[in-house]
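[1] can't give you the sequence, but here's the structure:
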Ligand code: ADP
């Protein structure tokens with residue numbers, strides 16, 4: 001059997017395994033099921049006092065005005081988005097996104113963590129894809145990860161907001177083809193690639209909000225924050241893009257600051 005056919009065989013085998021059997025091959029036994037990741041609505045009500053201390057800035061408002069929310073969907077969408085603090089490789093969900101490089105060769109940061117937890121066949125499958133351009137995304141199996149699929153996207157290294165938006169859009173576009181109902185994103189490009197964290201979060205949340213307003217099949221988009229700075233940013237900006245209280249941020253209404 002060639003190495004290439006080995007990944008194909010294993011990929012299909014794992015994708016068709018009953019869950020209890022699949023759990024035996026995870027490299028991390030402390031995996032996290034979707035039910036243990038609170039939706040934003042619940043997370044907010046549990047931590048309301050703390051979260052409300054995270055206030056947006058005037059620059060946040062300027063960036064926020066680039067989207068017009070369909071506020072009739074606020075309540076429903078707050079149940080379909082989450083902030084998760086920790087290691088993305090632990091999530092037992094349909095897809096996790098990898099902040100990959102354009103050669104799709106295992107690197108550092110979240111990419112290294114994903115490859116370590118998935119095992120060497122992930123690299124074998126990546127090798128068959130012949131790289132991935134910046135702003136695009138490609139899908140592989142998850143192998144020894146709790147997640148079924150890994151979506152590899154290549155973030156910009158030059159601070160291009162358009163390319164970063166495209167990363168989020170291209171990943172979400174795979175929803176139908178792979179029947180993805182739950183997906184987790186790391187903070188793409190904000191590590192080694194140096195994209196400003198706050199602007200990156202605006203782009204991520206705007207793109208997720210737009211997607212969820214028109215797509216009814218994605219049950220949960222999880223923003224996986226790893227660095228404390230991103231935890232604080234997402235707690236601030238989720239209040240804008242996924243408002244819990246009806247009086248907040250309706251249809252771009254002005255907000256006092
Ligand atoms: P990029 O090259 O796109 O900047 P990095 O991997 O350097 O990608 O960083 C992207 C983000 O992923 C950073 O916020 C980093 O802290 C975070 N990160 C690193 N390891 C993990 C992990 N195991 N799970 C989730 N996020 C992670």
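    Okay, I see it. As the structure is a prediction and not an experimental result, all values here were calculated from the model.
[2] quick one, what contacts the residue most central in space within the chain?
    In the chain, the centroid-proximal residue (Cα atoms, centre = their mean) is residue 185; its distance is 1.5 Å. Applying Cβ atoms under 8 Å, 6 or more residues apart in numbering to residue 185 gives the contacts 97, 168, 171, 204, 221-224. The C-beta positions use only the backbone N, C-alpha and C, and glycine is treated the same way.
[3] same thing but 6 Å
    Counting by Cβ atoms under 6 Å, 6 or more residues apart in numbering, residue 185 touches 97, 223.
[4] so what's the residue of the stretch 151-257 of the chain found nearest the ligand up against?
    Distances between the stretch 151-257 of the chain and the ligand by Cβ to the nearest ligand atom are smallest at residue 191, namely 2.2 Å. Contact partners of residue 191, counting by Cβ under 6 Å, 6+ apart, are residue 109.
[5] what ranges does the stretch 1-150 of the chain have for its helices?
    Taking DSSP state H, counting those that start in this stretch, the helices of the stretch 1-150 of the chain run over residues 3-15, 19-23, 40-46, 48-51, 58-64, 74-77, 109-118, 120-127.
[6] now these as CSV including distance to residue 140?
    Formatted as CSV, the helices of the stretch 1-150 of the chain follow (distance: least, Cβ to Cβ, whole Å):
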stretch, distance to residue 140
helix 3-15, 8
helix 19-23, 16
helix 40-46, 28
helix 48-51, 35
helix 58-64, 33
helix 74-77, 29
helix 109-118, 8
helix 120-127, 4
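[7] the strand or helix carrying residue 164 and the ligand, any residue contact?
    Using DSSP states H and E, residue 164 falls within helix 161-173. No: contact of helix 161-173 with the ligand (Cβ under 6 Å from any ligand atom) is absent, the minimum separation being 9.0 Å.
[8] interface residues of the stretch 151-257 of the chain facing the ligand?
    Near the ligand, when you scan the stretch 151-257 of the chain using Cβ under 6 Å from any ligand atom, you find 155, 186-193, 224, 226-227, 230.
[9] list buried members of those by neighbour count.
    Among these, those scoring as buried are 155, 186-191, 193, 224, 226, 230 (criterion: 16 or more other Cβ atoms under 10 Å).
[10] hmm, residue 118 is touching residue 146, no?
    No: applying Cβ atoms under 6 Å as the test, residue 118 and residue 146 come out as separate, 10.1 Å apart.
[11] if the residue nearest to the centre of the chain is in a bridge, with which residues?
    With DSSP bridges applied, residue 185 shows beta-bridge pairing to residue 223.
[12] how about the residues of the stretch 1-150 of the chain near the ligand?
    Counting by Cβ under 6 Å from any ligand atom, the stretch 1-150 of the chain sits next to the ligand at 87-89, 99, 109-111, 113.
[13] now those as CSV including pLDDT and neighbour count?
    Formatted as CSV, these follow (pLDDT from 0 to 100; neighbours: other Cβ atoms under 10 Å):
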residue, pLDDT, neighbour count
87, 98, 17
88, 98, 25
89, 98, 26
99, 98, 24
109, 97, 17
110, 98, 23
111, 98, 21
113, 98, 18
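[14] so which of these comes closest to residue 11?
    Within these, the smallest distance to residue 11 is 17.5 Å, found for residue 89 (Cβ to Cβ).
[15] the closest one and residue 113 touch, don't they?
    Yes: using Cβ under 6 Å, residue 89 is in contact with residue 113, at 5.4 Å.
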